[in-house]
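Peer 1: What would the 3D arrangement of this be:
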Amino acid sequence: MSSEYICEKELASQPAIWRQTSEFLNSVSHLLPKKGEKLAVAGCGTSWFMAQSYAGFREEAGCGESDAYAGSEFNHDRKYDKLIVISRSGTTSEVVDLLKKSKIPSLVITGVEGSPVTKFATESIIMEYADEKSLIQTRWATAVLGLLRAHDGLDLMKAASDAEIALESDLGDLVNVEQITFLGRGWTIGLAQEAGLKTREAAQFWSEAYPALDYRHGPISISQKGRAVWMFGEIDSQLESDILATGALLEKSSLDPMAHLIRAQRLAIEIAKGKGLDPDNPRGLGRSVILHPAM
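Peer 2: Model prediction:
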């Protein structure tokens, strides 16, 4: 997969990065939450959506109660055994402030050794090998989610094989649609949110994301010919019929949903290129959001 854009090269490295993460897990598994612990997971932007996905996956795997929070919206009155904070740069203001205030034993997963979050966390996992140069997150996000899912039972090597299939698959008519609604159930709702974010930030493209069955409670009204509905995970047969009846293109896959996200990442970049945009440097974005205190 050749490209002039850094994000495409980083995106294409995901199968190798996931396999490396599977090996890396052996050295850090003792830091990750134990089965039965009540867990909070927090992050901002993409990291928040990975937190949502992991919290849902962990509960579905029977590993313990797990809640996900945007970094700025943490419930400090709720009791947890452990707080996991996900932050690629380690500098985002909301998560730094969260760690400063929280009294919960904390674990930071970041790509940068010695970044501010590591100074305020109880423990840190540094995944520098998965860090990225592009502003938009692809491999970093899935490497972290892969690490956490593998800790709770995922065969990450098998998922990496699915990722290779996703990289080689044909995007077909998806590159020509004018709008996409991403859907998920359970832990894949976070993936739907992340796919929507990728298309918006990389390509300034109209996308939305919902829990799959809630889509019929209003959002289905925007689906029509020339638009698409993208399902992560298994789809209810009646929902599938309802989507097809709108005339919208339906995207679904039997691949691991995290590998299916790679197709959405690829599509976001292709749409950006088609519009003459630079997906490595989305409008109005930086690598980290650092809020300066009021003077």
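Peer 1: Strands of the stretch 1-150 of the chain, start to end?
Peer 2: For the stretch 1-150 of the chain, the strands defined by DSSP state E, counting those that start in this stretch occupy 39-43, 66-70, 82-87, 106-110, 123-126.
Peer 1: can the ones you listed go into CSV with extra columns for mean pLDDT?
Peer 2: Output for the strands of the stretch 1-150 of the chain, formatted as CSV (pLDDT from 0 to 100):
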stretch, mean pLDDT
strand 39-43, 98
strand 66-70, 98
strand 82-87, 98
strand 106-110, 98
strand 123-126, 98
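Peer 1: Pipe these into JSON lines and attach mean neighbour count and distance to Gln224 per row.
Peer 2: Where C-beta positions appear, they are placed from N, C-alpha and C, glycine not excepted. Converted to JSON lines, the strands of the stretch 1-150 of the chain look like this (neighbours: other CB atoms under 10 Å; distance: least, CB to CB, whole Å):
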{"stretch": "strand 39-43", "mean neighbour count": "27", "distance to Gln224": "34"}
{"stretch": "strand 66-70", "mean neighbour count": "21", "distance to Gln224": "32"}
{"stretch": "strand 82-87", "mean neighbour count": "27", "distance to Gln224": "36"}
{"stretch": "strand 106-110", "mean neighbour count": "25", "distance to Gln224": "41"}
{"stretch": "strand 123-126", "mean neighbour count": "19", "distance to Gln224": "45"}
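Peer 1: which element is Met231 on?
Peer 2: Using DSSP states H and E, Met231 maps to strand 228-232.
Peer 1: now for the next helix or strand after that strand, which elements pack on it?
Peer 2: As assigned by DSSP H and E, the chain's next helix or strand after strand 228-232 is helix 237-245. If contacts are counted by 3 or more CB pairs under 8 Å, 6 or more residues apart in numbering; DSSP states H and E, helix 237-245 sits against strand 249-251.
Peer 1: Would you give the sheet partners of the strand it packs on, along with the direction of each?
Peer 2: Strand 249-251 has its sheet partners listed here by DSSP bridges as strand 228-232 (parallel).
Peer 1: What is the burial count for Glu59?
Peer 2: 17 (other CB atoms under 10 Å).
Peer 1: I'd guessed it sits against Ala68; true?
Peer 2: No - contact status for Glu59 versus Ala68: not in contact, 10.3 Å apart, counting by CB atoms under 8 Å.
Peer 1: Enumerate every residue touching the residue positioned nearest the centre of the chain.
Peer 2: By CA atoms, centre = their mean, the chain has its centre lying nearest to Met50, at 4.1 Å. By CB atoms under 8 Å, 6 or more residues apart in numbering, the contact list for Met50 reads 43, 86, 141, 144-145, 190, 194.
Peer 1: cool, Ala141 as well?
Peer 2: Counting by CB under 8 Å, 6+ apart, Ala141 touches 46-47, 49-50, 88, 194.
Peer 1: Check the gap between it and Asp214 for me.
Peer 2: Taking CB to CB, to the nearest Å as the measure, Ala141 falls 24 Å from Asp214.
Peer 1: repeat for Ala42
Peer 2: Counting by CB to CB, the separation of Ala42 from Asp214 is 24 Å.
Peer 1: Same question for Val117.
Peer 2: Noted for Val117: a distance of 33 Å to Asp214, by CB to CB.
Peer 1: again, but for Cys7
Peer 2: Separation of Cys7 from Asp214 (CB to CB): 31 Å.
Peer 1: And for Leu31?
Peer 2: 36 Å.
Peer 1: out of the two, which sits in the busier spot?
Peer 2: Neighbours per residue (other CB under 10 Å) separate Leu31 from Asp214, with Leu31 holding more: 15 against 12.
Peer 1: who does the residue nearest to that one when sequence neighbours are not counted bridge with?
Peer 2: Spatial nearest neighbour of Leu31, chain neighbours left out: Glu123 (5.3 Å); criterion: CB to CB, 6 or more residues apart in numbering. Beta-bridge pairing for Glu123 (DSSP bridges): Leu107.
Peer 1: Before I go, just wanted to say thanks for your time.
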